[in-house]
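1. predicted model, plus sequence, below.
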Amino acid sequence: MKPNATPRPSVAQSARLQLDRFLPYRLSVLANTVSSGIARLYAERFQMTIPEWRVMAVIGCYGPQSANEVCRRTAMDKVRVSRAVASLTGAGRLKRSTDRGDRRRSVLTLTARGLAVHDRIVPLARAAEARLLHALTAAERRQVDRLVAKLQDRAGAVLAPDRDATWP
């Protein structure tokens, strides 16, 4: 190489991720920022973690669920869900019972105390969502909704842990 020549970037350098342009990273940072912001609204007031709130939100929205169903709906791993369920059960916010139709399966239900907390957090979460979405026009909000749904469907189809990722 000539003394003043600029070296070509190596393959490793040219393949380096530009995180500020990498969609999975950007979505993760956005999700963490939003979740942490909303968590500040309920963490101190209700002594609740993000995983605990996610478990309560899923059961509050969809009704009684198994822990596996909560894992599927939240994309949280079994350990996080199990810890959240144990904490919520210990706090008297969640009840575990045996499914009448399948005695091998347990079902998680919000207790009266859990439902009362849930119903106090929902307006806080919805108000935070409204403040966030205020940056978008109504048409942009509809577009974001469509695009996120489309990406979620695609991610489930090609990136699910039980699938062999095929591209494109």
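-> Perfect, I can see it now.
2. and residue 43, how many residues sit next to it?
-> Here the number of neighbours of residue 43 (other Cβ atoms under 10 Å) works out to 15. Quick note: C-beta positions are derived from backbone N, CA and C, even for glycine.
3. the nearest residue to it once chain neighbours are set aside - how many residues pack around it?
-> Among residues not flanking residue 43 along the chain, residue 49 sits closest, at 7.0 Å (Cβ to Cβ, 6 or more residues apart in numbering). Under the neighbour criterion other Cβ under 10 Å, residue 49 is assigned a count of 16.
4. what does residue 93 give?
-> 23.
5. leaving out sequence neighbours, find the closest residue to it.
-> residue 114 (3.3 Å).
6. what about the one you found, distance to residue 67?
-> According to Cβ to Cβ, to the nearest Å, residue 114 and residue 67 sit 15 Å apart.
7. the more surrounded of these two?
-> Using other Cβ under 10 Å as the criterion, residue 114 and residue 67 rank with residue 114 on top: 23 against 18.
8. and the next helix or strand past the longest helix along the chain?
-> The longest helix of the chain (DSSP state H) is helix 23-46. As assigned by DSSP states H and E, the chain's next helix or strand after helix 23-46 is helix 50-62.
9. ok now that next one, how far from the chain's centre?
-> Relative to its parent chain, helix 50-62 has a centroid offset of 10 Å by Cα atoms, centre = their mean, to the nearest Å.
10. which residue is nearest the centroid of this structure?
-> For the chain, the residue nearest the mean C-alpha position is residue 74 (5.3 Å; Cα atoms, centre = their mean).
11. was I right to think that residue contacts residue 53?
-> No: Residue 74 is beyond contact range of residue 53, at 10.2 Å (criterion: Cβ atoms under 8 Å).
12. for the residue nearest to residue 43, give me its contacts.
-> By Cβ atoms under 8 Å, 6 or more residues apart in numbering, the contact set of residue 49 is 39, 43, 84, 87.
13. look up how far residue 127 lies from the first one.
-> Note on residue 39: its distance to residue 127, by Cβ to Cβ, is 14 Å.
14. what about these two, which has more around it?
-> Between residue 39 and residue 127, counted using other Cβ under 10 Å, the more crowded position is residue 39 (17 against 12).
15. against residue 51, how distant is the more buried one?
-> 10 Å.
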